[in-house]
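Chemist: Any chance you can model this:
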Amino acid sequence: MVMFVDSHAHTYDLKKGYVIPQDILPVVVGYSNGSNRKAALDAKAHGWPLVLGIAPQTAIREDLSHLDEWVSFIRESKPNAIGEIGLDYKWAKDKNDIMKERRVLERMVALAKEMGLPLVIHSRNKPAEEDKDVPGNAVDDILDMIIPSGLPFVMHFYSGSAEQAERIVAAGGYISVTHMRSKERRKVINTVPLDRLMAETDSPFVGRTPEAVKEAVSYIAEVKGIDAKAAEEATAANAKRFFRF
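Modeler: Alright, predicted model coming up:
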């Protein structure tokens, strides 16, 4: 019965008592050791695909002396992918924060190579109006780090440019979009081939619930000028192929 695949959801953080509709399959994603443990329990209980990793925000705020322990849990849990991981220049206050983010990203990529798993990437630039202590473009910097690995990857809640999206697709990557509309996101959806697009909610942080994936799919269909059912089936097939379920 399942047709919609929400390729990125934090189901363990959803409002208590909420039940995900049967026509939606969420991919459960962690971002810290604590959330990874919750995600693993949730995915196992429901038979949902699982993604575990240490996100850049976590790399900044938590004690990295526990990184080996966190990696061991991820390895033992046998997820479908490693994520969400990446670089976030919005939260990085200085070069030391970036070094911590890069250290963790490198470790996560090494783990993914060891396990033969794809990557789920989080990327965010520092807003232009903020100080320049954290230079660089997160998308470009991430691609420079992960493309040489040869691993499959998806850019979750993609906020880069259409030109960067072309580089991602050329490297064999996927783009995942939410229902949030913008001129740049419309250009990206137009640029990326349908067989490289996924739909997500990043719920409850962006979409309130996984049901927002239906709006994301409708947005893709609208921009691509295709039937909504075709967008639904294509994005679901892409997610199943990528996450191998």
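
Chemist: switch to C-alpha atoms for all contacts and neighbour counts from now on
Modeler: OK.

Chemist: Just give me how far the longest strand along the chain sits from the chain centre.
Modeler: Under DSSP state E, the strand in the chain containing the largest number of residues is strand 81-88. Centroid displacement of strand 81-88 relative to its chain, using Cα atoms, centre = their mean, to the nearest Å, is 7 Å.

Chemist: With stretch 101-109 instead?
Modeler: The chain centroid and the centroid of stretch 101-109 are separated by 15 Å, computed with Cα atoms, centre = their mean.

Chemist: Give the phi and psi angles for the closest residue to P49 other than its chain neighbours, as a check.
Modeler: Spatial nearest neighbour of P49, excluding adjacent residues (Cα to Cα, 6 or more residues apart in numbering): V27 at 5.0 Å. In this entry, V27 is assigned phi and psi values of phi -100, psi 120 (degrees, to the nearest 10).

Chemist: Could you measure from V27 over to L41?
Modeler: Relative to L41, V27 is positioned 13 Å away (Cα to Cα, to the nearest Å).

Chemist: What sits closest to G30 if chain neighbours are left out?
Modeler: Using Cα to Cα, 6+ apart, the nearest residue to G30 is N36, at 4.4 Å.

Chemist: what's the span of stretch 85-95, first residue to last?
Modeler: Taking Cα to Cα, stretch 85-95 runs 18 Å from one end to the other.

Chemist: swap that for stretch 152-163, sorry
Modeler: The first and last residues of stretch 152-163 sit 19 Å apart, counting by Cα to Cα.

Chemist: which residues are in contact with that stretch?
Modeler: Defining contact as Cα atoms under 8 Å, 6 or more residues apart in numbering, one finds that stretch 152-163 is touched by 8, 117-124, 139, 172-178, 184-185, 187-188, 191, 200, 202, 242.

Chemist: and the spatially closest residue to M3 that is not a sequence neighbour, how far is that from V5?
Modeler: Beyond its immediate neighbours in the sequence, the residue positioned closest to M3 (Cα to Cα, 6+ apart) is D23, lying 5.7 Å away. As judged by Cα to Cα, D23 and V5 stand 9 Å apart.

Chemist: List phi and psi for the residue nearest the centre of the chain.
Modeler: By Cα atoms, centre = their mean, the mean C-alpha position of the chain lies nearest to H156, the distance being 3.2 Å. The main-chain torsion angles of H156 are listed as degrees, to the nearest 10 and equal phi -80, psi 150.

Chemist: Report the separation between it and K229.
Modeler: As it turns out, when the distance is counted by Cα to Cα, H156 lies 22 Å from K229.

Chemist: Quick check: closest non-adjacent residue to K214.
Modeler: F4 (7.2 Å).

Chemist: counting contacts, what elements does the longest strand of the chain pack onto?
Modeler: Judged by 3 or more Cα pairs under 8 Å, 6 or more residues apart in numbering; DSSP states H and E, the packing partners of strand 81-88 are strand 50-52, helix 56-61, helix 95-115, strand 119-124, helix 138-146.

Chemist: So which of these is the most surrounded?
Modeler: Comparing the helices and strands packed on strand 81-88 by mean neighbour count (mean count of other Cα atoms under 10 Å), strand 50-52 comes out on top with a mean of 30.

Chemist: Tell me which residues touch I74, please.
Modeler: Shown here is I74, whose contacts under the criterion Cα under 8 Å, 6+ apart are 36, 52-53.
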